[in-house]
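Enquirer: sequence and computational prediction follow.
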Amino acid sequence: MIRFPTELVQIEAPKGEDAPVIRAGGTDLGERRRLRMVTGPLLDLRDVAELRTVEWDPTGAATLGARVTIAEAAADEALVRAYPGLCAAAGALATPQIRAVGTLGGNLLQANRCWYFRSPDVRCLKRGGTTCLSRAGDHLYHSCFDLGPCACVHPSTLGMALLAYEASVMVHGAADRTVEALYGDGSDATGDHRLEPGAVLTHVVMPPPRANEQAAYFRTISRARSEWPLVEVLVRLVIEGGTVSFARVAMGGVAPVPLRLPAVEAALVGGPADSAAFAKAAAIAKDGAKPLPMTGYKVALVEGTVLETLERASHATPSEATAGTAVAEPAPPATADQGGA
Ligand SMILES: Cc1cc2nc3c(=O)[nH]c(=O)nc-3n(C[C@H](O)[C@H](O)[C@H](O)COP(=O)(O)OP(=O)(O)OC[C@H]3O[C@@H](n4cnc5c(N)ncnc54)[C@H](O)[C@@H]3O)c2cc1C
């Protein structure tokens, strides 16, 4: 059975594991249903118009509906002015087809891509088994920051990007929370996020944009396109008179949750915005790495990817948006004809 509510109020409070499964674009869920990993009734968000908007408050901060598509987020001119790193990350992930259908909420809450997790023939730790099968098996694309019992890497590029923006999410049927709290610290092997079953992520709340921010997103990838990254990084910098006065750095593809890198940020702030300082800060990104036997190669990629992203951010055009300035009229709601898969 599939229900198509038109308003959030029509969605009842979650009923634990028996709650219907939420469907947004369906690009991840559809595959897991095909594999019979997910069964039971669906609640499709296609017709909930209040989840399709981008709204701006007087401080210039945006609130994005969970059903805004990845392509819409990447192309929205006001968002690009205010949050250039987020839009660059959105425009670089997956394929044009996936970005046209996949949504912000679905991207944040998608399941990991570990081949043991997705195999119908075995039952890994995340699916009720007793052990992480990748550890003794093939874990070439898995964690090099081994934070918990499950060695998979978190799949969400936008989750990583939103960590660097210190964004929060609004939730229908459970508590609102920061993106950091949405994912936890990677020690929980039972899921890829901590949203309660049946709860609906309704909006992403961005903080006000920073004046003159320079941002870049860069991924190291094993083929040119249509692939998850080996390592991906988002950097936000404010550079004043050649000195870094603000830095946010987040990294994905390396751990069961996206990581923010506060030690790298601390090393950057107050220092010169030059290649030598960036190289020193990038080397710190490897601290705490605990590679598995097959993921040692990723540790070198961590340093190189952070360095490349820092260099790109330092050469990026400073953003035009400033906190306290409304950056645009609210974007019109997206058309509903890009509905569920
Ligand atoms: C070739 C390829 C490459 C890719 N590369 C990348 C990449 O580099 N980076 C990346 O991030 N992704 C990548 N993806 C994954 C893609 O981005 C996701 O499939 C997509 O973002 C999921 O969005 P969706 O709206 O279709 O989610 P759905 O499939 O509809 O849902 C995904 C999950 O989220 C839950 N859900 C969705 N919306 C809500 C909500 N509002 N509230 C509560 N629960 C919800 C669903 O129940 C489901 O469990 C790639 C995919 C492919 C096929």
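Expert: That came through, no problem. Numbering: from 1, shown residues only.
Enquirer: drop to CA atoms for contacts and neighbour counts, all remaining ones
Expert: Fine.
Enquirer: distance check, residue 268 against residue 195.
Expert: For residue 268, the distance to residue 195 (Cα to Cα, to the nearest Å) stands at 33 Å.
Enquirer: those two: which has the busier surroundings?
Expert: residue 268 (26 against 20; other Cα atoms under 10 Å).
Enquirer: which residues touch that one?
Expert: 244, 247, 277, 278, 281 (Cα atoms under 8 Å, 6 or more residues apart in numbering).
Enquirer: tell me which of these fall in helices.
Expert: 277, 278, 281 (DSSP state H).
Enquirer: about what we covered before: just the buried ones from the contacts of residue 268?
Expert: Neighbour counting with 16 or more other Cα atoms under 10 Å marks 244, 247, 278, 281 as buried within the contacts of residue 268.
Enquirer: which parts of the stretch 1-150 of the chain are helices?
Expert: For the stretch 1-150 of the chain, the helices defined by DSSP state H, counting those that start in this stretch cover 29-34, 70-75, 77-82, 84-92, 96-101, 104-109, 133-136.
Enquirer: so can I have CSV of the ones in helices among the contacts of residue 268 showing distance to the ligand and pLDDT?
Expert: Formatted as CSV, the ones in helices among the contacts of residue 268 follow (distance: Cα to the nearest ligand atom, whole Å; pLDDT from 0 to 100):
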residue, distance to the ligand, pLDDT
277, 29, 98
278, 25, 98
281, 25, 98
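Enquirer: and residue 258, what's its pLDDT?
Expert: The per-residue pLDDT reported for residue 258 equals 98.
Enquirer: repeat that for residue 334.
Expert: As predicted, residue 334 sits at a pLDDT of 40.
Enquirer: what's the answer for residue 65, then?
Expert: pLDDT, residue 65: 98.
Enquirer: so it touches residue 206, yeah?
Expert: No - under the criterion of Cα atoms under 8 Å, residue 65 is not in contact with residue 206, lying 11.3 Å apart.
Enquirer: which of those two has more neighbours?
Expert: residue 65 (26 against 20).
Enquirer: roughly how far apart are the more buried one and residue 75?
Expert: From residue 65 to residue 75 the distance is 15 Å (Cα to Cα).
Enquirer: show me where the stretch 151-300 of the chain has its helices.
Expert: For the stretch 151-300 of the chain, the helices defined by DSSP H, counting those that start in this stretch occupy 157-164, 179-183, 262-268, 275-284, 296-315.
Enquirer: check which helices and strands the second one sits against.
Expert: Helix 179-183 makes packing contacts with helix 157-164 when contacts are defined by 3 or more Cα pairs under 8 Å, 6 or more residues apart in numbering; DSSP states H and E.
Enquirer: and the longest one, by the same measure?
Expert: Contact here means 3+ Cα pairs under 8 Å, 6+ apart; on that basis helix 296-315 packs against strand 213-220, strand 231-240, helix 275-284.
Enquirer: which bits of the chain sit near the ligand?
Expert: The chain comes close to the ligand at residues 21-29, 66, 93-94, 102-103, 105-107, 109-110, 155-158, 199-202, 226-229, as judged by Cα under 6 Å from any ligand atom.
Enquirer: just the buried subset of these, please.
Expert: 21-29, 66, 93-94, 102-103, 105-107, 109-110, 155-158, 199-202, 228-229.
Enquirer: and the residue in the chain sticking out farthest from the centre, how far from the ligand?
Expert: Residue farthest from the centre of the chain, counting by Cα atoms, centre = their mean, is residue 241 at 31.9 Å. With distances defined as Cα to the nearest ligand atom, to the nearest Å, the gap from residue 241 to the ligand amounts to 35 Å.
Enquirer: ok, that residue - contacts?
Expert: Counted by Cα under 8 Å, 6+ apart, residue 241 has zero contacts.
Enquirer: for the chain, give me the ranges with low pLDDT.
Expert: Within the chain, the segments meeting pLDDT under 70 span 14-15, 321-341.
Enquirer: quick check: can you list the domain ranges of it?
Expert: 2-110+195-204, 213-315 (automatic domain parsing).
Enquirer: could those domains be laid out in TSV, adding distance to residue 173?
Expert: Output for those, formatted as TSV (distance: least, Cα to Cα, whole Å):
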stretch	distance to residue 173
domain 2-110+195-204	5
domain 213-315	23
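Enquirer: can you count the residues close to residue 130?
Expert: Neighbours of residue 130 (other Cα under 10 Å): 10.
Enquirer: in this structure it contacts residue 150, no?
Expert: No - using Cα under 8 Å, residue 130 makes no contact with residue 150, being 10.6 Å away.
Enquirer: where do the contact lists of these two overlap?
Expert: In contact with both residue 130 and residue 150: no residue, using Cα under 8 Å, 6+ apart.
Enquirer: ok, now which ones touch the residue nearest to residue 264 when sequence neighbours are not counted?
Expert: Nearest non-adjacent residue to residue 264, counting by Cα to Cα, 6 or more residues apart in numbering: residue 281, 5.2 Å away. If you count contacts by Cα under 8 Å, 6+ apart, residue 281 has them with 264, 265, 267, 268, 307.
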